[in-house]
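*Asks:* give me the fold of what follows.
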Amino acid sequence: MDIAARFITEDRETRNAKPEYIQYLNLVLFIGFLFSLGFARLYIGVKELGMFAVSPTKVAAVGLSPDLIKLKTVLNSQINLANEFQDYQVAVDKDKLVVEFATFELFDSGRAEVEKKNFRPIQNLAKIIFNSLPNSSIEIEGYTDDTRLLKNKNNFPSNWELSSARAVAIMYAFQDVGFKSEQLKVAGRGPSRPKYANRTASGDPIRENQAKNRRVVIHIGN
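*Replies:* Sure, this is the predicted structure:
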């Protein structure tokens, strides 16, 4: 059979085919088209994602420096610090190391003076940081609970001034071990940003939570 006769025969068979058969062929062709279209879109999507991909090296550079990572390990290994400070924690905030501890045992109520026996643990902490990173930047934040100060009993008009004075008191320990003034910053946050609820829904104070909210947060950077 020559090519022309074969073409005529196939054309006649197609025209004589049952409608169900033709519908089946159309369905197969349609599914194949959808599959090809989906694959093309997937390929384009993968290429677009590749344009915005960030290498693991760049991701690591955004975090802590090697020196801060070492300091974090040292601070976490100091069991005596965990015993000397209440609610002692070491954490990471972007590219800075954060040391936090409660201050209800360091300061008397409404006061910003640190007793000598309580000043030593703070100096020990400052020494560890200075010995590891003598050129680091230090930012000390003081926090209080939401209890209002009594004007006739306290030297500070509000918790904002009290928290600032307590942060300054902690800063002196860092100066004593060798940090320069330009490396140090202090901030008084007052009762803002409490870690725990100061009061119940009915307004009653939660003493344990208030004690933990009276804290110092130290940010350490390169």
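*Asks:* doesn't E141 fall inside a strand?
*Replies:* Yes - counting by DSSP: H, G, I helix; E, B strand; the rest coil, E141 is found in a strand.
*Asks:* burial of it, as a residue count?
*Replies:* A count of neighbours around E141, defined by other Cβ atoms under 10 Å, yields 22. Every residue, glycine included, has its C-beta placed from N, CA and C.
*Asks:* one more: L64?
*Replies:* 20.
*Asks:* for S137, same thing?
*Replies:* S137 has 15 nearby residues by other Cβ under 10 Å.
*Asks:* ok, what's across the strand from it?
*Replies:* G221 (DSSP bridges).
*Asks:* and what of the one 5 residues further on?
*Replies:* G142 forms beta bridges with G188, V216, as assigned by DSSP bridges.
*Asks:* which ones are touching it?
*Replies:* 103, 162-167, 170, 186-189, 216 (Cβ atoms under 8 Å, 6 or more residues apart in numbering).
*Asks:* and if you look at L162?
*Replies:* 110, 112, 142, 144, 149, 154, 156, 188, 190.
*Asks:* how many neighbours does R189 have?
*Replies:* 18.
*Asks:* how close does the closest residue to it other than its chain neighbours sit to E208?
*Replies:* Closest residue to R189 apart from its sequence neighbours, by Cβ to Cβ, 6 or more residues apart in numbering: Y143 at 5.0 Å. The gap separating Y143 from E208 is 16 Å, by Cβ to Cβ, to the nearest Å.
*Asks:* between the two, which one's more packed in?
*Replies:* The residue with more neighbours, out of Y143 and E208, is Y143; 26 against 9, by other Cβ under 10 Å.
*Asks:* wait, isn't that one in contact with K212?
*Replies:* No - assessed by Cβ atoms under 8 Å, Y143 is found out of contact with K212, at 9.8 Å.
*Asks:* list the buried ones in stretch 110-119?
*Replies:* For stretch 110-119, the neighbour count (16 or more other Cβ atoms under 10 Å) marks 111-112, 114, 119 as buried.
*Asks:* which ones among those lie within helices?
*Replies:* F119 (DSSP state H).
*Asks:* returning to what we had before: now the contacts of L162 in TSV, with pLDDT and distance to N198?
*Replies:* Below are the contacts of L162 laid out as TSV (pLDDT from 0 to 100; distance: Cβ to Cβ, whole Å):
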residue	pLDDT	distance to N198
G110	86	16
A112	92	20
G142	96	16
T144	95	10
L149	88	15
N154	68	18
F156	90	18
G188	97	17
G190	96	12
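*Asks:* next, give phi and psi for L106.
*Replies:* phi -90, psi -40 (degrees, to the nearest 10).
*Asks:* neighbours of it, how many?
*Replies:* Around L106 there are 26 other residues, counting by other Cβ under 10 Å.
*Asks:* how about the helix or strand where R166 lies: buried residues?
*Replies:* Using DSSP states H and E, R166 sits in helix 159-176. By 16+ other Cβ under 10 Å, the buried positions in helix 159-176 come out as 159-167, 169-171, 173-174.
*Asks:* determine which two of those are furthest apart.
*Replies:* N159 and F174 (22.9 Å; Cβ to Cβ).
*Asks:* what does the pLDDT read for the residue minimising distance to the centre of the chain?
*Replies:* Centroid check for the chain by Cα atoms, centre = their mean gives D93 as the closest residue, at 4.5 Å. D93 is assigned a predicted lDDT (pLDDT) of 93.
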